[in-house]
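S.K.: Kindly generate the corresponding structure for this input.
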Amino acid sequence: MSNTKHSPIGKDWACTAPGTAVLSSSKKYSLANLVEVLDLSVISGKPSTCYINKVSNDSRKALPGTLFVALIGSNSDGHDFVAQAIKAGCSALLLEEGHLDTSEYMSNDLCILEIKDTRKAYGTLAEILFSSPAKDMSLLGITGTNGKTTVTYLLEDILRQSGRQVGVIGTINYRYYNLQGKLIHIPSSFTTPEPMLLQQTLREMRDNGVEVVIMEVSSHGLEQNRIGNLVLDVAAFTNLSRDHLDYHGNMEDYFSVKSLLFTKHLSNGGTAVVTFGAEDPTWSTRLRALCLDKGISVLSCGNPDDSDIFPIAVTGGLKETKINLQTPDGEYAVVSSLVGDFNVENIQTSFGMALASGLSISDISSYLSHATGAPGRLQRIQLNKMGQRFRPTV
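M.R.: You can find the predicted model right below:
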């Protein structure tokens, strides 16, 4: 789902490159429409007479007819490239309040607009251009340092077996089946794509009948507001370990960013699935407490002392894992082709997300026996060489 209201401006746009959307027809749109929808401040120019056919955050692509959006990143600031965008002939600028002295550009024949947060506005703008595709789909999000990709594959298999049309946005690719039954693979540029590519992908999924979208949501994606105003029905947390600290600085900031998926993007009535695994349980404990304090429904996994779902017994081997799983409805047996202790955690997370999505526990247990994990993640393959069979794990 999305909190962005549908706007008739959203037609015929295409993301031609990450960060750039182009009007695919001969039409042009009055900037006045965007000024009204985004509540932009007009610094100079007349939006009613300014027409655009491109939106870009890349000054090198800011040709005539372009709205150049200046975004502030961790390594660069789009405001430093405004002069380059103007030289290239852009028709309008969207700037962040207080970040640029615009007086020297007043004499130029272009519209200058300002807003408090250009990154937030850019995410909303992307939704508008692609007609808020998420408003008619259920969104399930997964965040955490490890396990996200495997959980998406498990949950995708479970939901498909239940008869739902599923799309996935994740580290390996963005994928869905089109109306002709063909599997569409879109190469993944980032785990969580930037807003224009994300909204175009969601639009393609919706137009091809997708009902449920499973998303890996990275800390970078949350920090940079790539998912805009998307609202999730289910949000899951796998674990948190020392990674990406070159970007976030410390574990406290890393956790705070991850928490946004639950405090900012989970719908009223949505469910948080929190897994307690081998990693430091402190972060899972804190996240669960944070959610409960905000009145968010929580489904806990992994901790025998106080979780809703946890393993009573686990029998592992090279070919499969058998789990006696305690659930809110009693004990159920789950057999999976995935092996390894960490995959026991991934199975519990996917089980919890499927349960929070409305599937029955008996169906989930059955579907998991046919679900496979992510390719190349402790995956067993068979090789025949010189009459001998080898089954290495990759």
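
S.K.: Please point out which parts of the helix ranked longest in the chain sit buried.
M.R.: When the chain is parsed with DSSP state H, its longest helix is helix 341-356. Using 16 or more other C-beta atoms under 10 Å as the test for burial, helix 341-356 gives 342-356. All C-beta spots, glycine's among them, are computed from the backbone N, C-alpha and C.

S.K.: now, which of these sits nearest T275?
M.R.: Proximity to T275 was ranked across the buried residues of helix 341-356 by C-beta to C-beta; first place goes to T349, at 4.8 Å.

S.K.: Now do the contacts for the closest one.
M.R.: By C-beta atoms under 8 Å, 6 or more residues apart in numbering, the residues touching T349 are I142, G147, V151, A236, T238, V273, T275, C301.

S.K.: T66 now?
M.R.: For T66, the contacting residues are I52, N53, K54, V55, S56, A85, A88, G89, C90, S91, A92, by C-beta under 8 Å, 6+ apart.

S.K.: Please save the CA atoms from the longest helix of the chain in CSV.
M.R.: Extracted in CSV, the C-alpha atoms of helix 341-356 (Å, rounded to 0.1, in the frame of the first residue of the first chain):
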residue,chain,number,x,y,z
ASP,A,341,21.3,-23.5,11.8
PHE,A,342,21.0,-20.1,10.2
ASN,A,343,18.4,-21.5,7.8
VAL,A,344,16.3,-22.7,10.8
GLU,A,345,16.1,-19.1,11.7
ASN,A,346,15.2,-18.1,8.1
ILE,A,347,12.4,-20.8,8.1
GLN,A,348,11.0,-19.4,11.3
THR,A,349,11.0,-15.9,9.9
SER,A,350,9.2,-16.9,6.7
PHE,A,351,6.8,-19.0,8.7
GLY,A,352,5.9,-16.0,10.8
MET,A,353,5.5,-13.7,7.8
ALA,A,354,3.2,-16.2,6.1
LEU,A,355,1.2,-16.5,9.2
ALA,A,356,0.9,-12.7,9.5
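
S.K.: follow-up on the earlier one: CSV for the contacts of T66, including neighbour count and secondary structure?
M.R.: Shown next, in CSV, are these (neighbours: other C-beta atoms under 10 Å; DSSP: H, G, I helix; E, B strand; the rest coil):
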residue, neighbour count, secondary structure
I52, 21, strand
N53, 21, coil
K54, 21, strand
V55, 29, strand
S56, 22, strand
A85, 26, helix
A88, 17, helix
G89, 12, coil
C90, 25, coil
S91, 23, coil
A92, 25, strand
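
S.K.: would you list the residues you listed in a markdown table and tack on pLDDT and distance to H185?
M.R.: A markdown table is the format used below for the contacts of T66 (pLDDT from 0 to 100; distance: C-beta to C-beta, whole Å):
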| residue | pLDDT | distance to H185 |
| --- | --- | --- |
| I52 | 94 | 32 |
| N53 | 94 | 30 |
| K54 | 96 | 27 |
| V55 | 97 | 26 |
| S56 | 98 | 26 |
| A85 | 96 | 34 |
| A88 | 94 | 34 |
| G89 | 93 | 36 |
| C90 | 95 | 34 |
| S91 | 95 | 36 |
| A92 | 96 | 36 |
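
S.K.: wouldn't L222 be in contact with G144 here?
M.R.: No. In this structure L222 lies outside contact range of G144 using C-beta atoms under 8 Å: 11.8 Å.
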